[in-house]
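Asker: only the shape, not the letters, is given here:
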């Protein structure tokens, strides 16, 4: 029986009834086996907390809805980052770098992964550090990482041991 780690994008869609993709993506998430454990990363909670806090400071968005989403997200079992996660993170990130930047890295090392460019397409990879941390958590525990962001496939393409489900 598989276990699942829910990405921030999935949580945002699933926990916000006003989100335009709430019904379709919510059905996909509800279709996961009910006996399978579902987890949320501490990283996803941080991202949701940041969004809620920033919306409050800017006076934008429906703060009541955002706070309710955060409260609901905290009801899931939470996976923390550990020193074991750090080792897996280093492995996953190096595989992504090798797959997409091998030639570039022989000359210099781009500082921020968000600025890394796919050698084949010339497009930015659009992978952020938080995505890598959550994928590392999923790989470390051999659980499926569930996301609504198809760009995350770049990570599992670089490291097939990252089990990914795009809904």
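Answerer: Ah, there it is. Note that the structure is predicted; figures quoted are calculated from it, not measured.

Asker: would you mind measuring from the spatially closest residue to residue 140 that is not a sequence neighbour to residue 134?
Answerer: Spatial nearest neighbour of residue 140, excluding adjacent residues (Cβ to Cβ, 6 or more residues apart in numbering): residue 88 at 4.4 Å. Glycine gets a C-beta too; all of them are placed from N, C-alpha and C. Computed as Cβ to Cβ, to the nearest Å, the residue 88 to residue 134 distance reads 11 Å.

Asker: what strand or helix carries residue 94?
Answerer: Using DSSP states H and E, residue 94 maps to helix 83-107.

Asker: got phi/psi on residue 164?
Answerer: Dihedral pair for residue 164: phi -120, psi 140, per degrees, to the nearest 10.

Asker: and it, bridged to which residues?
Answerer: Beta bridges link residue 164 to residue 145, judged by DSSP bridges.

Asker: that one: what's it in contact with?
Answerer: Shown in contact with residue 164 (Cβ atoms under 8 Å, 6 or more residues apart in numbering): 135, 144-145, 147, 152-153, 155-156.

Asker: coming back round to it: next secondary structure after the helix holding residue 94?
Answerer: helix 129-141.

Asker: what is that following helix packed up against?
Answerer: strand 4-6, strand 38-41, helix 42-58, helix 83-107, strand 144-147, helix 153-158 (3 or more Cβ pairs under 8 Å, 6 or more residues apart in numbering; DSSP states H and E).
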